[in-house]
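>>> Test case, fold it:
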Amino acid sequence: MSSAPTAQGPLVVGVDSSTQSTKALVVDSATGRVVARGQASHRVSTGERRESDPQEWWVALCTALQQCGRAAREAAAVSIGGQQHGLVTLDKNGNAVRPALLWNDVRSAPQARSLVERLGGPKVWADRVGSVPGPSFTVTKWAWLTEQEPAAARATTAVRLPHDYLTERLTGLGTTDRGDVSGTGWWASGTEQYDEGILDMVGLDPALLPRVARPGEVVGTVRDSDDDLPFSRGTLIAPGTGDNAAAALGLGLRPGTPVLSLGTSGTVYAVSQNRPADPTGTVAGFADARGAWLPLACTLNCTLAVDRVAELLQLDREAVEPDGLVTLLPYLDGERTPNLPHSSGVLHGLRHDTTPGQLLQAAYDGAVHSLLGALDLVLDADADRSSPLLLIGGGARGAAWQRTVRRLSGRPVQVPEAQELVALGAAAQAAGLLTGEDPGAIARRWDTARGPVLDPVERDEATLSRISGVLSDAAPLLDRAPHGE
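Next comes the predicted model:
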């Protein structure tokens, strides 16, 4: 348990409720110094189902805050950053009707295809909501629920995203923010309102949805709570946001600076002043948490897929070897970029002299290839293509990840020293409630992006071309559900 040393400014709490755990940071709003931290895990079902009990998120949040000690009780403001897209269905008593469907549950792939067609095709979706929904998007999960579990849909009196659920447990009020709601598929990015035509198409009453708070708004205060929650009553609550928008806040991102995040999923994004609308569906046209936009491309298979290959080969994840000609498309859980929800992994070019280390390097190459393929689409046309890539997430400190990104991108790579950027971004949002500052400016004042810059190396065009060729040739296999499904 931590206690707070003397702080120069009011204390704030930033929370990162991710797929597998919840982290809480107590931060000095004047300096950005972390004075206390806590973390607790929650369970996720495996296999085709990727579900979690929302109550476990709440228990994990309470546990993480308790680990922060009295520093959390002294906090003046709180913000929740959370995993995007998850479908939380609540009954009239505020309890979960069923476990939450998480972003990486791809059972709604048939519904995604159907919804795209019913509205008039990909371009119509991109123009209206900024994105073409794949099976990660909340709207497709609601459509799946109404078809596969109609009794659960009928019992639902409130629909929330994961961060909305936790914020509501703190305040008693149903709110969300533009950053997270832009990943649902039922929020119109042009008007910044719920799209009633889409809601009607999927049979979702807009009265079940939370109010969309404005950036910088106080959405409520901590209500009366039991002893599990070490906040003082009346502590201010910020709107919160989705994890990628929170990380963008945590980095203090300026427009045009690209971010490559290596986590359970891999993402590439940048802040833009232009509302994105990619009809190919590669780039999701998300909003950020400040009033701008956050075009983003996401892959399902990143660090977990590479670690699984290392495990199968009984290698340390750093035990890569160069000069192999083997190609591995590590689509172990389907894939989102490219949009191949039924795909499985593909290995091509295996020879007698292929080493386990070369096979592991091929897994890294396949994962990074998917991300870099979307980078040019994420960036505005006038963005500086030679500026450093900001490398964040759990894999960012891995030497093999760093070398692979440098070799396949040909760009300098900066690795911020701050590790908990989602929670730091949430803390910056909370601090903005107290100071009236833009959270991005607060994060820049905290110098959160500080870290070493790795020089560029010559881009490995041969490997990129080889992977692209295998991906193209394997298209009929990749679009087919694995045998037995």
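>>> Any stretches of this protein with poor pLDDT?
Low-confidence segments of the chain (pLDDT under 70): 1-5, 224-227, 481-485.
>>> Kindly list the longest helix within it.
Ranked by residue count and defined by DSSP state H, the top helix of the chain is helix 356-378.
>>> Now the element after it, going C-ward?
Downstream of helix 356-378, the next assigned helix or strand under DSSP states H and E is strand 389-392.
>>> What residues of the longest helix of the chain count as buried?
Of all the residues in helix 356-378, those buried under the rule 16 or more other CB atoms under 10 Å are 356-375, 378. For the C-beta atoms, the positions are set from N, CA and C on the backbone; glycine is no exception.
>>> got it, and stretch 23-37?
Counting neighbours by 16+ other CB under 10 Å, one finds that the buried residues in stretch 23-37 are 23-30, 32, 34-37.
>>> Next, give me the two most distant ones among those residues.
K23 and A30 (21.6 Å; CB to CB).
>>> that older thread, for the longest helix of the chain, packing partners?
Judged by 3 or more CB pairs under 8 Å, 6 or more residues apart in numbering; DSSP states H and E, the packing partners of helix 356-378 are strand 266-269, strand 293-299, helix 303-313, strand 327-329, helix 399-409, helix 461-473.
>>> How far away from the center of its chain is that helix?
The chain centroid and the centroid of helix 356-378 are separated by 19 Å, computed with CA atoms, centre = their mean, to the nearest Å.
>>> Kindly export that helix (C-alpha atoms) in PDB.
What follows is helix 356-378, C-alpha atoms only, in PDB (Å, rounded to 0.1, in the frame of the first residue of the first chain):
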ATOM      1  CA  PRO A 356      13.100 -21.700 -35.000                       C
ATOM      2  CA  GLY A 357      14.500 -18.200 -34.500                       C
ATOM      3  CA  GLN A 358      13.700 -17.300 -38.200                       C
ATOM      4  CA  LEU A 359      10.200 -18.600 -37.700                       C
ATOM      5  CA  LEU A 360       9.800 -16.400 -34.700                       C
ATOM      6  CA  GLN A 361      11.100 -13.400 -36.500                       C
ATOM      7  CA  ALA A 362       8.600 -14.100 -39.300                       C
ATOM      8  CA  ALA A 363       5.800 -13.800 -36.700                       C
ATOM      9  CA  TYR A 364       7.100 -10.400 -35.700                       C
ATOM     10  CA  ASP A 365       7.300  -9.400 -39.400                       C
ATOM     11  CA  GLY A 366       3.800 -10.500 -40.100                       C
ATOM     12  CA  ALA A 367       2.300  -8.600 -37.200                       C
ATOM     13  CA  VAL A 368       4.200  -5.400 -38.000                       C
ATOM     14  CA  HIS A 369       3.500  -5.600 -41.700                       C
ATOM     15  CA  SER A 370      -0.300  -5.400 -41.000                       C
ATOM     16  CA  LEU A 371       0.200  -2.300 -38.900                       C
ATOM     17  CA  LEU A 372       2.500  -0.400 -41.200                       C
ATOM     18  CA  GLY A 373       0.300  -1.200 -44.200                       C
ATOM     19  CA  ALA A 374      -2.400   1.100 -42.600                       C
ATOM     20  CA  LEU A 375       0.000   3.800 -41.500                       C
ATOM     21  CA  ASP A 376      -0.100   5.900 -44.700                       C
ATOM     22  CA  LEU A 377      -3.900   5.800 -44.600                       C
ATOM     23  CA  VAL A 378      -4.100   7.000 -41.000                       C
END
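>>> in the stretch 1-150 of the chain, which spans are helices?
54-67, 70-73, 109-119, 122-129, 138-148, 150-155 (DSSP state H, counting those that start in this stretch).
>>> Figure out which of these is closest to F286.
helix 122-129 (10.2 Å).
>>> picking up where we left off before, specify which member of the buried residues of stretch 23-37 is nearest to Y331.
Distance to Y331, by CB to CB, is smallest for K23 among these, at 28.6 Å.
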